[in-house]
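Peer 1: No sequence on hand, only this structure:
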């Protein structure tokens, strides 16, 4: 690469928060570690929320006839998880577009790819959290139905 091109890419990456240099191979770990702190927080919260839904479901199923608590959390997560993921992805997309608008020349897609991957990753994590919550809610509802039919 020429020195001028390296300087231009470096200037674009340093001045524009929505742009970063693409790695040779982008993996979910690379996407996570290259993400902004707010996006990392959203990613971690979505993963923890999905794991908490599984824990709540296991505790409710193992509790026997005492089926109290946790259903509201599952119902909120099945609706809120995808929305939080979509909000994070939309914010990331906004930052990418602001970065493109503030650059003198359109950056190559290899420079934009990590930001796009980050937005897609956040959206997918939101969908995963929502799907896990839906499945867990079905399991809990089936358990409640069986408990009601037995009595």
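Peer 2: Ah, there it is. Since this is a predicted model, take the numbers as computed values, not measurements. Numbering: from 1, shown residues only.
Peer 1: quick one: buried residues of stretch 114-133?
Peer 2: Neighbour-count burial for stretch 114-133, counted by 16 or more other Cβ atoms under 10 Å, picks out 114-119, 121-123, 125-126, 128-130, 132-133. All C-beta atoms are positioned from the backbone trio N, CA, C, and that covers glycine.
Peer 1: Among those residues, which are located in helices?
Peer 2: Using DSSP state H to define helices, the subset of those located there is 114-119, 121-123, 125-126, 128-130, 132-133.
Peer 1: quick one: which of the buried residues of stretch 114-133 is nearest residue 93?
Peer 2: Nearest to residue 93 among the buried residues of stretch 114-133: residue 119, at 5.3 Å, using Cβ to Cβ.
Peer 1: quick one: that closest one from residue 34, how far?
Peer 2: 12 Å (Cβ to Cβ, to the nearest Å).
Peer 1: So for this structure, the centremost residue is which one?
Peer 2: Nearest to the geometric centre of the chain sits residue 122, at 2.6 Å (Cα atoms, centre = their mean).
Peer 1: so that one touches residue 85, yeah?
Peer 2: Yes. With contact defined as Cβ atoms under 8 Å, residue 122 reaches residue 85; the gap is 5.5 Å.
Peer 1: Determine the residues that are contacts of both of those two.
Peer 2: Common neighbours of residue 122 and residue 85 (criterion: Cβ atoms under 8 Å, 6 or more residues apart in numbering): 42, 46.
Peer 1: Report the contact partners of residue 83.
Peer 2: Applying Cβ under 8 Å, 6+ apart, the residues near residue 83 are residue 126.
Peer 1: before we move on, what about residue 31?
Peer 2: 114, 117-118, 121.
Peer 1: element containing it, please.
Peer 2: Using DSSP states H and E, residue 31 maps to helix 28-34.
Peer 1: what's the next secondary structure element after that helix?
Peer 2: Assigned by DSSP H and E, the successor of helix 28-34 is helix 37-62.
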